[in-house]
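Engineer: Fold the stuff below for me.
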Amino acid sequence: MLIGRQVTVLGAGVAGLAVARALALRGAEVTVLEQAPEIAEVGAGLQISPNGACVLRALGLGEALAAAGQRAEAIELWDGPGAERVLRMDLARLRPGQDWRFVHRADLIDLLAAGAREAGVRLRLLQKVERVTLGPHRPRVLTAQGAEIEADLLIGADGLHSKLREALNGTVAPFFTHHAAWRATIPAEPGLPPVARVYMGPGRHLVTYPLRGGTLRNIVAVEERHRWVEESWSLTDDPIALRMAFARFAPEVRGWLDRVEAPALWGLFRHPVAQHWQASGSEGGPTGWGAAILGDAAHPTLPFLAQGAVMALEDAWVLCGALAEEPDLAAALARYEVLRRPRATRVVEAANANARNYHLSGLPRAVGHVAMRLAGRLAPGRVMDRFDWLYGFDVTA
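Structural biologist: Numbers count the residues shown, from 1 in each chain. Presented below is the predicted three-dimensional model:
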């Protein structure tokens, strides 16, 4: 049961704000600890597929999503160097009842933060967490300011370098995938259609789609490389490096990259799905204590299926539902992990496979493109069917 339960959430990103609102709407008293001086997000765009949109609607944020995100019409795969369309998946025609949105990450954070505050969530800024300690006592959070905070229920939504994940699983070194990614936005040309395009090439690909009603063009470009790149969202790169990496792509792609001034750069690392997602104990209060992780803290996902934020939304809904419906805290947390682990693992593996499919070269590339063209002409619905397990899943149903 959640009425009156004291909950502390680490991190005010997508996962943290979503689970905070979900819990507060069910009667929990929620405090979010965020290390930044303000609730803000400097990132670029993201895609909210139907399996994420249904969670936002269930949280009462459907209208805010519609206002913040442009509805997607189609997803297209293109030959990057040849500038030829390989496959078009017409979402409006093949999946008319599903809601696909292009959203600026900052706008998603804004609507989630507003929703959390509206639900009564307390947001505490400048709370950098140095360490989380689990034991026979309630979970303890040590901040950089030296404060020690105890929680009846501690939820780690603190991303790739989660302190709660470390407390549950120890330190596990990530594996550099030998992929580096750039991200940027540029002013969009008039009449930019609401379509996500993936330009594929040997050892690299580029994704682009409109943001903020078609006023911005979002760009994410990925290159295979052996040189190590730091796993950070705050690095910037020389735009010449980005342009050189895609110098053999079509003129329209090169034209977009010529307008990029300061692209963000980050290395893509493969982190294992966490072995332990939750823990609980009987000490520390009448109902004991619990701890759980979600989103990137539990299952970091490479960005090749655009599911990082969406998986966090699904996690938030399932975790809240388990806590609300199961009176025993330990049983609720165990149920959450059992429900989420298989799906999250499948999504992580599918994202890993997508990277390989986008970067084919030589004969496999030629054969693959021919097969996709034929499938698109003869049975476009079947192409979409392959991903119904992902996009057609409604965790709120």
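Engineer: so where's the longest strand in the chain?
Structural biologist: strand 175-187 (DSSP state E).
Engineer: which stretches of the protein form helices?
Structural biologist: If you assign secondary structure with DSSP state H, the helices in the chain sit at 14-25, 50-58, 62-68, 91-94, 105-118, 163-169, 239-245, 251-258, 308-325, 329-358, 362-378, 380-385, 388-391.
Engineer: how about a markdown table for those helices, with mean neighbour count and mean pLDDT added?
Structural biologist: Placement of C-beta: from N, CA and C, glycine included. As requested, the helices of the chain are arranged in a markdown table below (neighbours: other CB atoms under 10 Å; pLDDT from 0 to 100):
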| stretch | mean neighbour count | mean pLDDT |
| --- | --- | --- |
| helix 14-25 | 28 | 97 |
| helix 50-58 | 23 | 97 |
| helix 62-68 | 16 | 96 |
| helix 91-94 | 16 | 84 |
| helix 105-118 | 21 | 96 |
| helix 163-169 | 22 | 95 |
| helix 239-245 | 16 | 95 |
| helix 251-258 | 15 | 97 |
| helix 308-325 | 25 | 96 |
| helix 329-358 | 17 | 92 |
| helix 362-378 | 13 | 81 |
| helix 380-385 | 14 | 80 |
| helix 388-391 | 15 | 93 |
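Engineer: want to throw those helices into CSV with distance to residue 75?
Structural biologist: Output for the helices of the chain, formatted as CSV (distance: least, CB to CB, whole Å):
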stretch, distance to residue 75
helix 14-25, 21
helix 50-58, 13
helix 62-68, 19
helix 91-94, 7
helix 105-118, 19
helix 163-169, 32
helix 239-245, 23
helix 251-258, 17
helix 308-325, 15
helix 329-358, 12
helix 362-378, 11
helix 380-385, 9
helix 388-391, 10
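Engineer: Which of those sits closest to residue 196?
Structural biologist: Of all these, the one in closest proximity to residue 196, counting by CB to CB, is helix 91-94 (9.3 Å).
Engineer: residues contacting the spatially closest residue to residue 236 that is not a sequence neighbour?
Structural biologist: Using CB to CB, 6 or more residues apart in numbering and skipping residues adjacent in sequence, the residue nearest residue 236 is residue 262, 4.9 Å away. Listed by CB atoms under 8 Å, 6 or more residues apart in numbering, the contact set of residue 262 reads 184, 236, 239.
Engineer: give me the beta-bridge partners of residue 216?
Structural biologist: residue 187, residue 211 (DSSP bridges).
Engineer: From what I see, it and residue 189 are in contact.
Structural biologist: No: if you go by CB atoms under 8 Å, residue 216 and residue 189 don't touch, sitting 10.8 Å apart.
Engineer: which one of these two has more residues nearby?
Structural biologist: Looking at residue 216 and residue 189 with other CB atoms under 10 Å, you find the greater number of neighbours at residue 216, namely 20 against 11.
Engineer: Give me the neighbour count for residue 26.
Structural biologist: Close neighbours of residue 26, defined as other CB under 10 Å, add up to 18.
Engineer: ok, now residue 146?
Structural biologist: Residue 146 has 7 neighbouring residues, counting by other CB under 10 Å.
Engineer: Let me know the pLDDT of it.
Structural biologist: Note on residue 146: pLDDT of 89.
Engineer: do the same with the one 5 residues further on
Structural biologist: pLDDT for residue 151: 91.
Engineer: and it, what is it in contact with?
Structural biologist: For residue 151, the set of contacting residues under the criterion of CB under 8 Å, 6+ apart consists of 6-8, 138-141, 289, 291.
Engineer: how about residue 268, what does it touch?
Structural biologist: In this structure, residue 268 makes contact with 176-177, 179-181, 222, 231, 302-303, judged by CB under 8 Å, 6+ apart.
Engineer: was I right about residue 304 contacting residue 356?
Structural biologist: No: between residue 304 and residue 356 no contact is recorded; they are 9.1 Å apart, counting by CB under 8 Å.
Engineer: do you know how far residue 116 is from residue 27?
Structural biologist: As for residue 116, its distance to residue 27 is 15 Å (criterion: CB to CB, to the nearest Å).
Engineer: Over to residue 388?
Structural biologist: To residue 27, residue 388 is 35 Å away according to CB to CB.
Engineer: Kindly report the same for residue 3.
Structural biologist: 4 Å.
Engineer: Next one: the nearest residue to residue 50 once chain neighbours are set aside, what pLDDT does it get?
Structural biologist: By the measure of CB to CB, 6+ apart, the closest residue to residue 50 outside its immediate chain neighbours is residue 98, 4.0 Å from it. Per-residue confidence at residue 98 stands at 88 (pLDDT).
Engineer: Residue 41 too?
Structural biologist: Looking at residue 41, its pLDDT reads 64.
Engineer: Give me the buried entries from the contacts of residue 151.
Structural biologist: Judged by neighbour count, with 16 or more other CB atoms under 10 Å as the criterion, the buried members of those are 7-8, 138-141, 289, 291.
Engineer: Now for these: which two are most distant?
Structural biologist: Pairwise across those, and taking CB to CB, the largest span is found between 7 and 140, at 15.3 Å.
Engineer: picking that back up, ok, which of the helices of the chain comes nearest residue 273?
Structural biologist: For the helices of the chain, proximity to residue 273 was assessed by CB to CB; helix 329-358 is nearest, at 5.3 Å.
Engineer: Please name every helix or strand in contact with that closest one.
Structural biologist: strand 278-281, strand 289-293, helix 308-325, helix 388-391 (3 or more CB pairs under 8 Å, 6 or more residues apart in numbering; DSSP states H and E).
Engineer: and that helix, how far out from the chain's middle?
Structural biologist: Averaged C-alpha coordinates place helix 329-358 at 13 Å from its chain's average position (CA atoms, centre = their mean, to the nearest Å).
Engineer: just the angle between that helix and helix 50-58, please?
Structural biologist: Between helix 329-358 and helix 50-58, the angle formed by their directions is 140 degrees, by axes from the mean of the first three to the mean of the last three CA atoms, to 10 degrees.
Engineer: where does the stretch 101-250 of the chain dip in pLDDT?
Structural biologist: 228-234 (pLDDT under 70).
Engineer: pretty sure residue 250 is touching residue 199, no?
Structural biologist: Yes: because the distance of 7.2 Å satisfies CB under 8 Å, residue 250 is recorded as touching residue 199.
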